[in-house]
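Q: here is a sequence with its predicted model. Questions after.
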Amino acid sequence: MNIDDEDLLKSFDAERMASLIDKYSQIGGDEAGGVTRLAFSREDLKAREEFIDVLINELHLQVRTDALGNIFARREGKHPDWPVIMTGSHLDSVRNGGKFDGPAGVFSSLEAFRALDQLNVETAHPFELVVLASEEPNTFGVSTFGSRGLVGTLTKKDVEPLRDDQGKDFRSALEFIGGDLDRIEGAIRKPGEIEYFVELHIEQMPYLDRERKDIGVVGGITGIYREAISVHGVASHGGTTPMDGRRDALCAAAKIILALEAAARAENGQAVATVGHMTIFPNSINITPKKVVLDAEIRSFYPDRIQRIIGKIEEAVSTVKKGRKVQIDRRVTYDSPPTHFSSTVAQAIKESADSLGFKTKDLISMAGHDASHMTRITTTGMIFIPCKEGLSHCPEEYTETESIIKGSQCLLKTLLKLDQRKRR
């Protein structure tokens, strides 16, 4: 069904969108403007429950929660037996994060579905709106749990042993939001069940904001490699141990961190590397550290650059072990290759934006997203909308309501274009 662009544009309410963002920012919000809505927390559950209420009582959609905790809201199409066209994002946040990362994509999908009703559109395919569980890292150290479980790359065996800092087990946490660890294999969606998946998200980079562009057409997502590095030295008195007799694990770790930074800088802006988390034992002012555990992360859209940086870590570890007489253990904790999105979906996004008069920019995402995992089972794409100065995962994260509305309008037109394409 062809919808007039002018009618489509008029079907979105900026005041309602702003109200949605504000309402959900209060769930886990603090006085400084930050939001802490960690996956599996009471705040996460409250946001999920309130959103389910909107889906059922305002949009009258068929709603279910799968064993992974993913929420699905289905809008039937002319052919109920056809594979679904899916869109959505996540509602959980990082600690002291912003109010737009995740919710902007969820509410854009919601308003697109609402506009379909207002315009009396019967799509050919069934449409599904999804809220994916635990996209952000949480107290169990698991990110993109809902999407990885959905495509079958994260199993019961992977998560059952997990405990958080308070000793709570993952099974109980998943049950708290309506999931069931024993049934997660049954939640896997097979290739052919989903025709397309399109996710809208704030950019988290400065380019759209800097260049005054409305829509980012995302060609792919960076590869992400992480490893935990444990450096074992000897604890000794900080006052009585001579400098030449020390086996200081922290000083050894510092050498590795600086080598990682130098290796990423050498890639001329095509890679980044970070050590953002480190634990020191015994962590006392007058004792040389006995053990340091650090988490190193490398990101690049180019696999050869990631491998070069890993090689530099290996060289640094070898040098530090010999020079400082410490033991070093390494363990890969995450290794996601670069993702290339569908040119078909990218073209539909570009054509939709052009038709609506929106300015576009081709982008590669340097942040991970659920959409990267969905490529395993379906044809996938992403829409980015600008955020101020590219700031994200912080209280200063900000996106204009107008930008979210434009993104939602582009999303709807894209979904309708894909719905009208000849089935694979």
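A: Sure thing, it's come through. Residues are numbered from 1 along each chain as shown.
Q: quickly list the domain ranges of this structure.
A: Per the record, the chain has its domains at 5-222+338-420, 226-335, by automatic domain parsing.
Q: what's the span of the longest one, first residue to last?
A: The first residue of domain 5-222+338-420 is 16 Å away from its last residue (C-alpha to C-alpha, to the nearest Å).
Q: per-residue confidence averaged over that domain?
A: Average pLDDT, domain 5-222+338-420: 96.
Q: pull the distance from it to the chain's centre.
A: 9 Å (C-alpha atoms, centre = their mean, to the nearest Å).
Q: okay if I get the domains of the chain as CSV plus mean neighbour count?
A: Placement of C-beta: from N, CA and C, glycine included. Converted to CSV, those look like this (neighbours: other C-beta atoms under 10 Å):
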stretch, mean neighbour count
domain 5-222+338-420, 20
domain 226-335, 16
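Q: who touches the helix or strand encompassing Gly105?
A: Here Gly105, judged by DSSP states H and E, is contained in helix 103-118. Identification of contacts with helix 103-118 by C-beta atoms under 8 Å, 6 or more residues apart in numbering yields 8, 11-13, 16-17, 20-21, 24-25, 51, 54-55, 58-59, 61, 73, 75, 87-91, 123, 127, 129, 131, 199-202, 385, 399, 404-405, 407-408, 411-412, 415.
Q: now, which of those lie within helices?
A: Among those, the ones falling in helices (DSSP state H) are 8, 16-17, 20-21, 24-25, 51, 54-55, 404-405, 407-408, 411-412, 415.
Q: quick one on the thing from earlier: just want the angle from the helix holding Gly105 to helix 14-25.
A: Angle of helix 103-118 versus helix 14-25, following axes from the mean of the first three to the mean of the last three C-alpha atoms, to 10 degrees, is 140 degrees.
Q: got the CA positions of helix 103-118 in CSV?
A: What follows is helix 103-118, C-alpha atoms only, in CSV (Å, rounded to 0.1, in the frame of the first residue of the first chain):
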residue,chain,number,x,y,z
PRO,A,103,14.6,4.0,24.2
ALA,A,104,14.9,6.2,21.1
GLY,A,105,14.8,3.1,18.9
VAL,A,106,12.0,1.4,20.9
PHE,A,107,9.8,4.5,20.9
SER,A,108,10.5,5.2,17.2
SER,A,109,9.2,1.7,16.5
LEU,A,110,6.2,2.2,18.8
GLU,A,111,5.3,5.5,17.0
ALA,A,112,5.8,3.9,13.6
PHE,A,113,3.3,1.2,14.6
ARG,A,114,0.9,3.8,15.9
ALA,A,115,1.1,5.7,12.6
LEU,A,116,0.2,2.5,10.7
ASP,A,117,-3.0,2.3,12.7
GLN,A,118,-3.8,6.0,12.1
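Q: Glu136 touches Leu38, doesn't it?
A: Yes. Glu136 lies in contact with Leu38 (C-beta atoms under 8 Å); the separation is 7.4 Å.
Q: need the overlap of contacts for those two.
A: Joint contacts of Glu136 and Leu38 (C-beta under 8 Å, 6+ apart) are Asp92, Ser93, Val94.
Q: quick one: the second one and Gly102 touch, right?
A: Yes. Using C-beta under 8 Å, Ser93 is in contact with Gly102, at 6.7 Å.
Q: who touches both of these two?
A: With C-beta under 8 Å, 6+ apart as the test, Ser93 and Gly102 both reach Glu136.
Q: ranges for the strands of the protein?
A: Using DSSP state E, the strands found in the chain span residues 62-65, 71-75, 84-89, 127-131, 194-202, 215-221, 223-232, 272-281, 291-300, 327-336, 339-340, 360-365, 379-385.
Q: against Pro137, how distant is the closest residue to Val159 other than its chain neighbours?
A: Of all residues not flanking Val159 in the chain, Phe170 sits nearest, at 5.0 Å (C-beta to C-beta, 6 or more residues apart in numbering). Distance of Phe170 to Pro137, computed by C-beta to C-beta, to the nearest Å: 14 Å.
Q: same question, Ile309
A: Counting by C-beta to C-beta, the gap from Ile309 to Pro137 is 21 Å.
Q: same question for Gly223.
A: Counting by C-beta to C-beta, the gap from Gly223 to Pro137 is 17 Å.
Q: for stretch 290-303, C-alpha coordinates in CSV please.
A: Only the C-alpha atoms of stretch 290-303 are listed here, as CSV (Å, rounded to 0.1, in the frame of the first residue of the first chain):
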residue,chain,number,x,y,z
LYS,A,290,50.5,-8.7,43.9
LYS,A,291,47.9,-9.1,41.2
VAL,A,292,46.2,-6.9,38.6
VAL,A,293,43.4,-8.0,36.3
LEU,A,294,42.6,-5.7,33.4
ASP,A,295,40.1,-5.8,30.6
ALA,A,296,41.4,-4.8,27.2
GLU,A,297,39.2,-3.9,24.3
ILE,A,298,40.0,-3.4,20.6
ARG,A,299,37.6,-2.1,18.0
SER,A,300,38.0,-1.7,14.2
PHE,A,301,35.9,-2.4,11.1
TYR,A,302,39.1,-3.9,9.6
PRO,A,303,40.0,-7.4,10.9
